[in-house]
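Next come a sequence and a model predicted from it.
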Amino acid sequence: ILNVEQSPQSLHVQEGDSTNFTCSFPSSNFYALHWYRWETAKSPEALFVMTLNGDEKKKGRISATLNTKEGYSYLYIKGSQPEDSATYLCAQRNTGNQFYFGTGTSLTVIP
Amino acid sequence: DSGVTQTPKHLITATGQRVTLRCSPRSGDLSVYWYQQSLDQGLQFLIQYYNGEERAKGNILERFSAQQFPDLHSELNLSSLELGDSALYFCASSTSDRGRAGELFFGEGSRLTVL
């Protein structure tokens, strides 16, 4: 069982601020790193899937980077908006095709 | 709409009882994953099936079992229920088994309350 850790656990930012969260994971048996966005009363939705060391992905104001050698990924949100409020989950998929999730970072964007 | 369907959405039952949660994956997805989310816990991986076969096991209790049927729908059976089994149970499906870093598509979850 992998220990995927996310920090901070929760975050409150003002509208317009940029922010970032961290996901750390064991590098052994790494296959892919996933980021999911989970809004209250909905189900998690995939944001990014990254596989290669140095990968960077971007979708609008949200981007992510991956460092498989040191076992971390960052998620960045530029110019946060209230609709960005959600829990952001990362998950490591290992070579055994198991997905292990962190406990998430809960983001609240204050208008 | 992720295309993954879970039933029932809500279920209230008593300790000692048995329940079955059902999941229909997205059309074409062969992999089905089950996760448990308890209060203040993250998503705990329970079990994965691919095309009818068990592929991986996580923190699944012996009182729990699952299967995937030829039509690819999956069922999670929870027996001898305890208060601590109260949780949100998610099913997710994926197109890939190995060889592609496919994302997971989640259902809306089945909320189980054991009284």
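Here it is on my side, so go on. Given the structure is predicted, the values throughout are model-derived calculations rather than measurements.

Let me know the secondary structure of residue B:84.
Following DSSP: H, G, I helix; E, B strand; the rest coil, residue B:84 is assigned to helix.

Pull up the distance across stretch B:8-24, start to finish.
End-to-end distance of stretch B:8-24: 12 Å, with CA to CA, to the nearest Å as the criterion.

just how off-centre is that stretch within its chain?
11 Å (CA atoms, centre = their mean, to the nearest Å).

Helix or strand with the lowest mean pLDDT in chain A?
For chain A, counting by mean pLDDT, DSSP states H and E, strand A:99-101 ranks last in confidence among helices and strands (a mean of 89).

what about the helix or strand that that one is followed by, near chain B?
On the C-terminal side of strand A:99-101, the nearest following helix or strand under DSSP states H and E is strand A:105-110. No. Strand A:105-110 lies out of reach of chain B by CB under 8 Å from any CB of the partner chain, never closer than 11.1 Å. No exception for glycine: its C-beta is placed from N, CA and C like everyone else's.

which neighbours does strand A:105-110 have in its sheet, and in what orientation?
strand A:10-14 (parallel), strand A:86-94 (antiparallel) (DSSP bridges).

now the most centrally placed residue in chain B, which residues is it bridged with?
In chain B, the centroid-proximal residue (CA atoms, centre = their mean) is residue B:34; its distance is 3.0 Å. Judged by DSSP bridges, the bridge partners of residue B:34 are residue B:47, residue B:91.

Can you name the residues that contact it?
In this structure, residue B:34 makes contact with B:23, B:45, B:46, B:47, B:48, B:60, B:66, B:74, B:76, B:89, B:90, B:91, judged by CB atoms under 8 Å, 6 or more residues apart in numbering or on different chains.
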